[in-house]
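# generate coordinates for the sequence data below:
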Amino acid sequence: MRLLCDEDIGTGVPEALHLVDYNAISLFKQGWAGKDDVYWLAKAGELKWLVFSCNKRMLLAKNERDTIISKKVGIIFLTSGEEHPPKVLKLLLTKWEKLIEIDKNTTRPFALFLSPNGRFSSKYRKYKL
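Below is the predicted model of the structure:
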């Protein structure tokens, strides 16, 4: 599994994960920062990378939602929005094995929501795929 962290997540979390040999990369490191969401979502789908984001609005924007579906993107949204990076890092480290299981066994496309307490769900408020 490779975890692609979008611009909202920043660079610190994926760099810290990478330093402890977890396969994570930021949009910045990949050279996709500043690109339209449709562009990098399509790339992530083609490469079968798992996306991690705070930007749940992607599910409401027609072109982004359509790309998630057509390119069979697997995406995990943090429910709390932008969170303090150490908290996000701790959450991901705690849930890493579950993320691998989800990435491996969940039919794409999918969108799951990860709460700060570590629970996954298939919908969050008005958001679902």
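
# mind checking what helix or strand follows the biggest helix by length in the chain in sequence?
Secondary structure assigned by DSSP state H gives helix 85-105 as the longest helix of the chain. Remark: after helix 85-105, the chain's next helix or strand is strand 110-114, criterion DSSP states H and E.

# how far off centre is the longest helix of the chain?
Between the centre of helix 85-105 and the centre of its host chain there is 10 Å, according to CA atoms, centre = their mean, to the nearest Å.

# with stretch 9-24 instead?
Put simply, stretch 9-24 sits 13 Å off its chain's centre (CA atoms, centre = their mean).

# may I see the buried residues of that stretch?
Neighbour counts over stretch 9-24 (16 or more other CB atoms under 10 Å) mark 9-11, 13-17, 22, 24 as buried. Using the backbone N, CA and C atoms, a C-beta is placed for each residue, glycine as well.

# in the longest helix of the chain, what's buried?
88-89, 91-92, 95-96, 99, 102-103.

# can you tell me which of those is nearest residue 70?
Distance to residue 70, by CB to CB, is smallest for residue 103 among the buried residues of helix 85-105, at 19.1 Å.

# spit out the contact partners of the residue nearest the centre of the chain.
Centroid-nearest residue in the chain, with CA atoms, centre = their mean: residue 52, separated by 1.4 Å. Residue 52 is in contact with 3-6, 9, 75-76, 78, 92, counting by CB atoms under 8 Å, 6 or more residues apart in numbering.
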